[in-house]
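# Based on what follows, work out the 3D shape:
(one chain, ligands or ions: 4)
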Amino acid sequence: RAKSAGGNRFELADPEADARAITRHGLTTALPTALERGEFFIEYQPLVHLGDGSVRGAEALVRWLHPQHGVLGPDRFIPLAEHTGLIVPLGRWVLEQSVRQAREWRELHGGAEAVGPLRINVNLSPCQLTHPGLVQDTVDILERTGMAPDALCLEVTESALIGADDDLLKPLRRLAEMGVDIALDDFGTGYSNLANLRRLPVSILKLDRSFTQSMQQFPADPVDLKIVEGIVSLAHSLDLAVTVEGVETGAQADQLRILGCDTAQGWYYARPGPPERLHELALVDATG
Ligand code: C2E
Ligand code: MG
Ligand code: MG
Ligand code: MG
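Ligands and ions are numbered 1, 2, ... in the order given. Sure thing, here's the model as predicted:
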């Protein structure tokens with residue numbers, strides 16, 4: 001696009017924006033072959049029980065090892081995959097890989113099941129929610145891997161469910177009835193009506209990182225404390241568990257534990273990493 005202001009009609013509007021657009025275009029066209037060539041991989045970040053610090057499971061986070069650009073985070077390519085529809089096969093691949101991985105951890109752990117088998121959390125895009133194959137694909141993957149539905153938690157963002165009608169909620173309800181947990185991701189950013197929560201088939205709220213960030217000082221901002229306290233008490237009265245994301249310091253963990261949050265995730269415990277790392281962390285934890 002040429003800029004007409006300033007008399008220089010042929011000046012490019014923003015060379016950096018053009019470079020970004022080219023990269024975006026390049027990445028978009030490379031996505032399908034990337035899936036075929038196995039350029040995607042998954043890192044796992046532990047989910048830790050706030051009460052006793054034990055590892056209870058992990059969230060699967062997808063990455064793309066691009067041959068020219070190196071490792072790309074999901075924020076770089078998930079929106080593109082959603083735009084082109086590739087998110088459906090990519091999401092299915094992530095789900096199958098992650099459930100297989102959870103199955104492997106379970107076998108490796110053998111007797112060390114004092115805190116129950118490790119659970120696996122997988123993110124779902126709004127496009128996957130509206131795709132008619134979601135329930136059957138999930139059932140097939142659980143069957144192929146021999147995993148119980150209650151080992152799986154699907155994370156859906158709050159914004160994806162705002163104003164959701166019954167058609168959109170139906171597949172999630174079916175999955176929830178089978179025993180799959182549904183978590184409301186990035187909760188607290190979407191301005192959803194709290195009373196609306198009763199209508200959603202969710203069993204876990206994942207409190208957005210912005211709340212965790214405001215717990216940085218000890219004691220934290222009194223208004224933020226009240227807000228989190230209110231969300232936790234509402235969640236618990238609706239029988240929902242509360243997970244907090246983005247815990248980076250011990251002070252944050254302490255505040256959030258005092259406020260009654262159940263599970264935590266963040267760099268304070270571990271960065272996302274390869275599956276062996278999660279296995280080590282969980283095993284150390286289970287054997288003392
Ligand atoms: P999310 O589901 O909210 O995942 C948490 C994000 O916070 C991850 O970013 C994680 O690496 C990051 N994080 C974890 N602990 C900390 C911390 O202590 N401090 C800070 N600053 N950040 C932390 P990541 O891996 O870049 O993923 C970004 C988003 O991409 C995810 O947000 C999720 O919405 C999406 N995503 C990741 N994998 C998938 C996938 O397989 N499918 C879909 N549809 N979306 C995915
Ligand atoms: Mg998530
Ligand atoms: Mg999240
Ligand atoms: Mg988040």
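
# Which of the three states applies to the closest residue to S98 other than its chain neighbours?
Computed as CB to CB, 6 or more residues apart in numbering, the closest residue to S98 that is not its neighbour in sequence is A60, at 3.9 Å. In this view, the C-beta of every residue, glycine as well, is placed from N, C-alpha and C. For A60, the assignment made with DSSP: H, G, I helix; E, B strand; the rest coil gives strand.

# isn't A60 right up against I120?
Yes - using CB atoms under 8 Å, A60 makes contact with I120 at a distance of 6.3 Å.

# would you list every one of the strands in this structure?
40-49, 55-66, 70-72, 119-123, 152-157, 181-187, 204-207, 241-244, 263-264 (DSSP state E).

# would you turn the ones you listed into CSV with mean pLDDT and distance to ligand 2?
Output for the strands of the chain, formatted as CSV (pLDDT from 0 to 100; distance: least, CB to the ion, whole Å):
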stretch, mean pLDDT, distance to ligand 2
strand 40-49, 97, 9
strand 55-66, 96, 6
strand 70-72, 95, 17
strand 119-123, 97, 5
strand 152-157, 96, 4
strand 181-187, 95, 4
strand 204-207, 96, 6
strand 241-244, 97, 9
strand 263-264, 98, 13
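
# quick revisit: what residues does the residue nearest to S98 make contact with?
Applying CB atoms under 8 Å, 6 or more residues apart in numbering, we find A60 in contact with 42-44, 94, 97-98, 101, 120-123.

# filter these to the buried ones?
42-44, 94, 97-98, 101, 120-123 (16 or more other CB atoms under 10 Å).

# Need the max-distance pair from those.
Across the buried ones among the contacts of A60, no pair lies farther apart than Q101 and N123, at 14.7 Å, counting by CB to CB.

# Quick check: residues of the stretch 151-288 of the chain near ligand 2?
155, 185 (CB under 5 Å from the ion).

# okay, and for the stretch 151-288 of the chain, where does confidence drop off?
Within the stretch 151-288 of the chain, the segments meeting pLDDT under 70 span 191-193, 286-288.

# what number of residues lie near Q45?
22 (other CB atoms under 10 Å).

# dump the residue contacts of the closest residue to it other than its chain neighbours.
Once flanking residues are discounted, Q45 sits nearest to P272: 4.1 Å by CB to CB, 6+ apart. Shown in contact with P272 (CB under 8 Å, 6+ apart): 43-45, 59, 61.

# from those, which are also near ligand 1?
45, 61 (CB under 6 Å from any ligand atom).

# so H49 sits right up against C261, yeah?
No - H49 lies out of contact with C261 (CB under 8 Å); the separation is 10.4 Å.

# thinking again about what came up before, so what's in contact with A60 and I120 at the same time?
98, 101.

# I'd like to know the beta-bridge partner residues of the residue sitting nearest the centre point of the chain.
By CA atoms, centre = their mean, the chain has its centre lying nearest to N123, at 4.3 Å. Following DSSP bridges, N123 is listed with bridge partners E155.

# follow-up on the earlier one: just the contacts of P272 now: which is nearest L161?
The closest of the contacts of P272, once distances to L161 are taken by CB to CB, is E59, at 18.4 Å.

# which residues touch the closest residue to that closest one other than its chain neighbours?
Closest residue to E59 apart from its sequence neighbours, by CB to CB, 6+ apart: N121 at 4.2 Å. Each residue near N121 by CB under 8 Å, 6+ apart is listed here: 47, 57-60, 153-155, 183.
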